[in-house]
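**Student:** The amino acid sequence is not available; the structure is as follows:
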C-alpha cells in the first residue's frame, strides 16, 4: 500500500492542460487568467487631482501670492482650464485632470472663497501636493495581473479599469461525478428501510462550483455490463471522471475491474490513510483521468480535497501553495499505522495563531460533523499520540475566520 | 468626526430582516439557512455494515465455531438475510443493513472462503465490530444544521441525505450599486484623456456574488435633478443602495444634499479613517439603507468589507465572528490621527502563525495592489509607529492559505 505522499506524487504527474477560452470580464470571478493583463494607459492616466479645492502654480505661492482669482471651475471629466497670470487659479474637483499650467492643489479646508477669489489660509504648501501623478501606480502596458492568477474581486475591477471587456481564462475540465451502489435512491425518493439517499454526488458537485466547474451527475446501477457501457461513454465524453463507491472488496465492487477492461490504467489502488483507504486512481488511454473515491461520505470528501483539488489547481496553473499549518488545540490519539485526516474547526487566536480543534466523529461513514468542520488536519502515519500545541499540516475547505 | 467603532455601531443598529424563501437544495451553497435542518431518519438509518465480509452471531464464534456456512449474499440495499443455525453466516457487503439474527462482521482479509464456507483465520473478535450502529451519528428528528448557518458543501450533501429537496433560506436584500461622476465612461467605451472607466460598481457587484447576491448596476450623471429622480426611484425599489462617489467637498458632490432632500436621514458623514474618510451613511423613511462610499477604488473596497459586509452578515443572522488577528510582518508607520487600513498579504507560517505583510501602495486612488492583497490590517488611530511582531485586527477579503 502506498503512502499519502506517493499517491499525491502519482496524481500530480497526471496534470493536464484543458486549453483556454474567452469570457466577459464580469463572468470570470474564481476563474484562472490564461494571459497577463496589462494597462491600456498609465494609471492614473493623467495627473489626477486628489482633493477638492483650487489648483495654482507653486511658484506664485512661494513668491508671496495668497489670494487667487478663480479663472473657472473644472469638474472631473472636464477639459483642463489653463491659467494665464500668476494670481489666477482653477477651482478644481477630485478626479479632474490637472491643467499643465498649474502644479499644486490646495483643499477647500485651507481656503476662504468669496467674490470669485480664493484666499489661502495656511503658510506652508508642498509643491505638487494633493496630486496623484500620471503613471504613479502603473505605466501604460505594465502588467497588473499575471497569467495563472485567480480572478478575484479587485481583478474584476482592474479589468474594467483597463477596458479588458473580455478575459482569456483557463478552460475547466469536462467533469462527470458518478455514483454507484444499488442501495442509493434519488433525493426526492423515499428510501426503503435498507436504502439511503444519494448525497456524495451533490456534495462533490457543490465543491467544484467554487471553481466555476459545473459537473454533470450520473448514477449507475450495480450491474457489470451497464457499468461498462456507461463508463466507456464517459471516458470518451469527459476529461475527468470522479466516481464514488464500488471500489472496496465487495462482490459487487466492479469498478476497478471494469475500468481496467476499458483500458484505464490503474496507477494505484489503496492508500495508507484513514478515511479513504480504498481510493483508486487511473488514466485512460484516451487521456481521461479517473478518480475512483471510496463511497463513504467522509472518505469522498477527504479524497476530493486532499487529492482532486490540488490536481485541478495544478491543471489550471495555480501556483502550488506552500503548505498551511495549524496548531492542534487538544490531545488526540490514533493508533493504526495510517495517515489520519482529522476533521477540525479552525479559528485564529488573539495572538494570530491558527488553532485546529478536533471534532468528534464516528468514523468515515459519519459526515454529520463535516457540516461544522473547516479543515482536515493531516496527522502522520508514524505517530499515534498527538499533543495539544503541536503543529501539523492542514487542508482547509472553508474560509478561515 | 466619528471613529471607526462609532460608525460600526451606528450601522449595526440598522440591521434589517429581509424574510425567507424556499430554494432547491442544490442552489443554496453560500446562502443562510432560515430554519433548522433535521434528520428524517436515524443516521445511519439501520445497523450499517462497514466492511465487506461475513456477518455472524458473536456467541457462535465465542463458543468455538470457526467455519460458517454461507446462507446467502446480501448486497447493500438488499433485504436482510437471516441465519437459522449457529454455524451459518451471511456474506455481506459494506453499506448493507445488518440482519437482526447476526451481530458481528468479519472482513474478507480475516477469512478463507471456499465451497460455500467461510473459515475465520483470526482468534479474537470484538462483538459488534465493523458495524456502524443505527442512529450513532444522529437520531431521527435531531438537528444536523441550525438556522443562521451558512450552507457549505457538506451541508448540501447532508440536505440530500435527509431528503430535504427544498431548503428555507434567508432572502437577500434587493441591492443596487450606483456610480456617479461625469468623468466615468463605460468599460467598453474609449475614455477621453480626462476620463476614466467605471470599475467600482463591477468590483462591488463581484464582491456581493460571494453571498449569492445579484446586485443591479446603475450610473447617474452629475446632474442634480436627474440624481434626485433616479435616487427616489431606487429608494422605492431597493432595500439597499450602495453609492460610490459624489460625497466629498466638491461643487458637484450632490449626493448628501439630494439624499437628505429625499428623506434619507444622515446617520453620519465622515469617519476618522484612511482610506474612506468621506463615507456617508443614512436610512430612508421607507426603510432603505444607503451606504454612500467614497469613489476612490481603495476607499470603496475598504468600506465595503469593513462596514457593508458585516452589516449584511448581521441582517442574514450569521453569527458575529470574533475578530480575526494577524501578526504585522514588517515595521510600518502612519502619522495622521486616523485609523489606517493597511493592504496586506496573508500567509500562515510553519508555526501556524498568521502573518500580515504590508503591500506598498500610492494612497486611496491606487487599487493596483488590491489584486495582490488578501486583507486590510486595522491599525489604531492612536498609534503611528507599528512594529513587526505586533498583533492587529485583520479583515480578510480572500481565503487565507
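**Tutor:** Nice, thanks for sending it over. Since we're looking at a predicted model, the values are computed, not measured. Residues are numbered from 1 along each chain as shown, chains lettered A, B, ... in the order given.
**Student:** Now residue A:277. Nearest residue, chain neighbours left out?
**Tutor:** Sequence neighbours aside, residue A:270 is the residue nearest to residue A:277 in space, at 5.8 Å (criterion: C-beta to C-beta, 6 or more residues apart in numbering or on different chains). C-betas here are computed from N, CA, C, even on glycine.
**Student:** how about that neighbour, what does it touch?
**Tutor:** Residue A:270 makes contact with A:1, A:2, A:277, A:278, A:279, A:280, according to C-beta atoms under 8 Å, 6 or more residues apart in numbering or on different chains.
**Student:** Now restrict these to buried residues only.
**Tutor:** For the contacts of residue A:270, a burial check counting by 16 or more other C-beta atoms under 10 Å in any protein chain shown picks out A:2, A:277, A:278, A:279, A:280.
**Student:** Check the offset of stretch A:51-58 from the chain's centre.
**Tutor:** Computed by C-alpha atoms, centre = their mean, to the nearest Å, the chain-centroid distance of stretch A:51-58 equals 43 Å.
**Student:** Could you pull up the mean pLDDT of that stretch?
**Tutor:** For stretch A:51-58, the mean per-residue pLDDT is 97.
**Student:** Any residue of that stretch touching chain B?
**Tutor:** Yes: interface with chain B: stretch A:51-58 contributes A:52, A:53 (C-beta under 8 Å from any C-beta of the partner chain).
**Student:** Just to be sure, which of the buried ones among the contacts of residue A:270 are found in strands?
**Tutor:** The strands, defined by DSSP state E, take in residue A:280 from the buried ones among the contacts of residue A:270.
**Student:** from the buried ones among the contacts of residue A:270, which single one is nearest residue A:328?
**Tutor:** Within these, the smallest distance to residue A:328 is 22.7 Å, found for residue A:277 (C-beta to C-beta).
**Student:** so that closest one touches residue A:339, yeah?
**Tutor:** No: Residue A:277 lies out of contact with residue A:339 (C-beta atoms under 8 Å); the separation is 10.0 Å.
**Student:** Report the buried residues of stretch A:371-381.
**Tutor:** Neighbour-count burial for stretch A:371-381 flags A:371, A:372, A:373, A:374, A:375, A:376, A:377, A:378, A:379, A:381 (criterion: 16+ other C-beta under 10 Å).
**Student:** give the contact list for the last one.
**Tutor:** When the contact criterion is C-beta under 8 Å, 6+ apart, the partners of residue A:381 are A:3, A:4, A:272, A:273, A:337, A:338, A:339, A:340.
**Student:** Over to residue A:103?
**Tutor:** Applying C-beta under 8 Å, 6+ apart, we find residue A:103 in contact with A:55, A:56, A:57, A:58, A:127, A:128, A:131.
**Student:** Mind doing that once more with 7 Å?
**Tutor:** Each residue near residue A:103 by C-beta atoms under 7 Å, 6 or more residues apart in numbering or on different chains is listed here: A:57, A:58, A:127, A:128.
**Student:** So for it, what's the pLDDT?
**Tutor:** In this model, residue A:103 is scored at 98, pLDDT.
**Student:** next one: residue A:365
**Tutor:** 61.
**Student:** Please apply the same query to residue A:321.
**Tutor:** Residue A:321 is assigned a pLDDT of 68 by the prediction.
**Student:** Mind putting the contacts of residue A:103 into TSV with neighbour count?
**Tutor:** Putting these into TSV (neighbours: other C-beta atoms under 10 Å in any protein chain shown) gives the following:
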residue	neighbour count
A:57	21
A:58	15
A:127	12
A:128	13
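**Student:** Of the residues you listed, just say which sits nearest to chain B.
**Tutor:** Nearest to chain B among the contacts of residue A:103 is residue A:128, at 13.3 Å by C-beta to the nearest C-beta.
**Student:** OK, now which residue of the stretch 251-400 of chain A is nearest to chain B?
**Tutor:** Closest approach of the stretch 251-400 of chain A to chain B (C-beta to the nearest C-beta) occurs at residue A:370, with a separation of 3.6 Å.
**Student:** Please verify my assumption that that residue contacts residue B:153.
**Tutor:** No: applying C-beta atoms under 7 Å as the test, residue A:370 and residue B:153 come out as separate, 8.2 Å apart.
**Student:** Neighbours of the closest residue in space to residue A:232 that isn't next to it in sequence, how many?
**Tutor:** With sequence-adjacent residues excluded and distances taken as C-beta to C-beta, 6+ apart, residue A:232 is closest to residue A:262, at 5.5 Å. Residues lying near residue A:262 (other C-beta atoms under 10 Å in any protein chain shown) number 20.
**Student:** Just give me the longest strand of chain A.
**Tutor:** Using DSSP E, we find that the single longest strand of chain A is strand A:339-348.
**Student:** Check which helices and strands that strand sits against.
**Tutor:** For strand A:339-348, the packing partners by 3 or more C-beta pairs under 7 Å, 6 or more residues apart in numbering or on different chains; DSSP states H and E come out as strand A:273-274, strand A:354-358, strand A:375-379.
**Student:** partners of that strand in the sheet?
**Tutor:** If you go by DSSP bridges, strand A:339-348 pairs up with strand A:273-274 (parallel), strand A:354-358 (antiparallel), strand A:375-379 (antiparallel).
**Student:** Any chance of a markdown table for the ones you listed, columns mean pLDDT?
**Tutor:** Output for the strands paired with strand A:339-348, formatted as a markdown table (pLDDT from 0 to 100):
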| stretch | mean pLDDT |
| --- | --- |
| strand A:273-274 | 96 |
| strand A:354-358 | 95 |
| strand A:375-379 | 95 |
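**Student:** List the buried residues of the helix or strand harbouring residue A:167.
**Tutor:** Secondary-structure assignment from DSSP states H and E places residue A:167 in strand A:166-170. Across strand A:166-170, burial judged by 16+ other C-beta under 10 Å covers A:167, A:168, A:169, A:170.
**Student:** who in the stretch 201-350 of chain A is up against chain B?
**Tutor:** By C-beta under 7 Å from any C-beta of the partner chain, the residues of the stretch 201-350 of chain A that approach chain B are A:202-203, A:206-207, A:209, A:222, A:248-252, A:297, A:301, A:321, A:324-327, A:348, A:350.
**Student:** Return the members of these classed as buried.
**Tutor:** Buried members of these, counted by 16+ other C-beta under 10 Å: A:202-203, A:206-207, A:209, A:222, A:248, A:250, A:252, A:297, A:301, A:324-327, A:348.
**Student:** if we can go back for a sec, gap between the closest residue to the residue of the stretch 251-400 of chain A closest to chain B other than its chain neighbours and residue A:182?
**Tutor:** Of all residues not flanking residue A:370 in the chain, residue B:154 sits nearest, at 3.6 Å (C-beta to C-beta, 6+ apart). Counting by C-beta to C-beta, to the nearest Å, the gap from residue B:154 to residue A:182 is 25 Å.
**Student:** Please say which of those two ends up with more neighbours.
**Tutor:** The neighbour count for residue B:154 versus residue A:182, taken as other C-beta under 10 Å, is higher for residue B:154 (27 against 18).
**Student:** Spell out the secondary structure type for that one.
**Tutor:** With DSSP: H, G, I helix; E, B strand; the rest coil as the basis, residue B:154 sits in helix.
**Student:** same deal with residue A:259?
**Tutor:** With three-state DSSP as the basis, residue A:259 sits in helix.
**Student:** Doesn't residue A:5 lie inside a strand?
**Tutor:** No: Residue A:5: not assigned to a strand; according to three-state DSSP it is helix.
**Student:** now, among the contacts of residue A:270, which is nearest to residue A:32?
**Tutor:** Closest approach between these and residue A:32, by C-beta to C-beta: residue A:279, at 26.1 Å.
**Student:** Give me the domain ranges for chain A.
**Tutor:** Here the domain parsing of chain A from automatic domain parsing is A:4-18+A:172-315, A:22-43+A:139-170, A:48-132, A:324-396.
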